[in-house]
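J.: I would like to see how this sequence folds:
(one chain, ligands or ions: 2)
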Amino acid sequence: MYYGSIEAGGTKFVCAIGDADFNVVERVSFPTTTPEETFAHVFAFFDQYALKAIGIGSFGPIDINPASSTYGYITTTPKPQWGNVDFLGAVKARYEVPIGFTTDVNAAALGEQRLGAAKGLSSCLYLTVGTGIGGGAVVNGQLLSGYSHPEMGHIIIHPHPEDGFAGICPYHGNCFEGLASGPAIEARYGVKADQLSESHTAWDFVALYIAQAVMNYVLILSPEKVILGGGVMKQEHLFYMIQTELAELMADYVALPDLETYIVPPKLGDDAATIGCFMLAESMI
Ligand code: ADP
Ligand code: ZN
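T.: Ligands and ions are numbered 1, 2, ... in the order given. Got it, this is the predicted structure:
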C-alpha cells in the first residue's frame, strides 16, 4: 500500500507513489491540458497501485475550507478551462481512500519542514518564484490557513524607481507576482529569463522585490527558515543579492539569523511538494 501524491501545476502535473517512509517509488509527469485529459492521465497512473491515502497539492486559488460548498475546487484561476473545477471531487469519485487537499506551496512547505531545509524546526516559509509566485508557511508545526490559504504572491511592494514596467498580474498589474515572476521578467525584456546574464539589471529588480516580500513575511510570521524555490531561483546568484538587499531593508531593526543559512534553496529540490503530499496523505488516515 502506497501514499499517492498529485502535484498539480499550471504547466505540468507530477503524480507519484511513496512508501511508508515517504520515499518516491514511482513518478510520472505530464503537461496540464484540459481537466478531462489531465485527470485521465492521473487515473491511468494511480489505477496501477493499491493506495492507502492521497495528498493533492494544487495550483490555485483553491478552496481548502472543508465547510464550504466548493471545498476541493480550483476556483478563480485565470488558466483557461480550470476555473471552478471540482478537483477533489474528481479524485474522490475514483478512489475510496482518504484524500488531503491543499496548495502546491503548502505541500512543499510541509515537506521541507518535516524532512528538508527546516527539519527539526517548528516553522518555515516556502516561496516559489516560477510561472507564478506563491508561498506557504508552517507555524507551530501546522500549515498556516485561515478563511482560505495564503496568497503570498499578490502582495503590494514598492517598484524600483527605474523599473517602469507596469506588471502582468491580470488582477493587480504590478503586485509581487506581476513584477517578479518568470513571465513578468520575460514580458519586461522580451527574452527567456534563463537567457539573461548574471549582471543584467533584471536581477537587481527581482532581488529587490523578493527581498521586500521576504521582509514582509519575516516581520509578520517570524519563520525560522525561509526557503526559496521555483524556476527563477535556479539563478543561484539571486540568493546572495536577496540576502544583502534584505539586510539593507531591515536596517538592523530586528536581529535576523545568519542570512546565508536563513534564506536557502529547498533541500528536497523538486521533490518538496511530492513528499509534502505524501505527508498530507498520511495525516488524513
Ligand atoms: P512552474 O511555476 O510552472 O511550476 P517553474 O517553477 O519551473 O515552473 O517556473 C517556470 C518559470 O521559471 C518560467 O517563467 C521560466 O522562464 C523561469 N525559469 C526557469 N528556469 C530558469 C532559470 N534557470 N533562470 C531564470 N528563470 C528560469
Ligand atoms: Zn496579483
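J.: quick one: buried residues of stretch 153-172?
T.: Of the residues in stretch 153-172, 153-155, 157, 159-160, 163, 165, 167-169 count as buried by neighbour count, 16 or more other Cβ atoms under 10 Å. (Glycine included, C-beta is placed from N, CA and C.)
J.: What's opposite Glu26 in the beta bridge?
T.: Taking DSSP bridges, one obtains Ile17 as the residues bridged to Glu26.
J.: right, and it touches Ile17 too?
T.: Yes - counting by Cβ atoms under 8 Å, Glu26 sits close enough to Ile17 to count as a contact (5.2 Å).
J.: The two: which is more packed in?
T.: Ranked by neighbour count (other Cβ atoms under 10 Å), Glu26 and Ile17 place Ile17 first, with 24 against 12.
J.: any idea how far that one lies from Tyr3?
T.: In this structure, Ile17 and Tyr3 are separated by 7 Å, where distance is defined by Cβ to Cβ, to the nearest Å.
J.: same thing with Ile62?
T.: When Cβ to Cβ is applied, the distance between Ile62 and Tyr3 equals 20 Å.
J.: What's the per-residue pLDDT of whichever residue of the stretch 51-200 of the chain sits closest to ligand 1 here?
T.: Per Cβ to the nearest ligand atom, Gly182 is where the stretch 51-200 of the chain lies closest to ligand 1, at 1.9 Å. According to the predicted model, the pLDDT of Gly182 comes to 97.
J.: Might one say that it is in contact with Thr128?
T.: No - shown here, Gly182 and Thr128 do not form a contact pair, counting by Cβ under 8 Å, at 10.4 Å.
J.: hey, what's in contact with both of those two?
T.: Where contact means Cβ atoms under 8 Å, 6 or more residues apart in numbering, the residues bridging Gly182 and Thr128 through contact with each are Gly230.
J.: Those two - which one has more neighbours?
T.: For Gly182 versus Thr128, the count of surrounding residues by other Cβ under 10 Å is larger for Thr128: 28 against 20.
J.: contacting residues for the more buried one?
T.: By Cβ under 8 Å, 6+ apart, the residues touching Thr128 are 104-105, 108, 134-135, 228-230, 233.
J.: let's see 10 Å
T.: When contacts are counted by Cβ atoms under 10 Å, 6 or more residues apart in numbering, Thr128 touches 9, 104-105, 108-109, 134-136, 152-153, 181, 227-233, 266, 272-273.
J.: Return the set of residues that bridge with it.
T.: With DSSP bridges as the rule, Thr128 is bridged to Gly134, Gly229.
J.: got the CA coordinates for stretch 114-124 in PDB?
T.: Extracted as PDB, the C-alpha positions of stretch 114-124 are listed here (Å, rounded to 0.1, in the frame of the first residue of the first chain):
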ATOM      1  CA  ARG A 114       9.500  17.800   8.100                       C
ATOM      2  CA  LEU A 115      12.300  16.400   6.100                       C
ATOM      3  CA  GLY A 116      14.100  19.200   4.200                       C
ATOM      4  CA  ALA A 117      15.800  22.600   4.900                       C
ATOM      5  CA  ALA A 118      13.700  23.300   8.000                       C
ATOM      6  CA  LYS A 119      13.900  19.800   9.500                       C
ATOM      7  CA  GLY A 120      13.800  20.000  13.300                       C
ATOM      8  CA  LEU A 121      12.200  23.400  13.300                       C
ATOM      9  CA  SER A 122       8.600  24.100  14.000                       C
ATOM     10  CA  SER A 123       8.200  26.900  11.400                       C
ATOM     11  CA  CYS A 124       9.200  27.800   8.000                       C
END
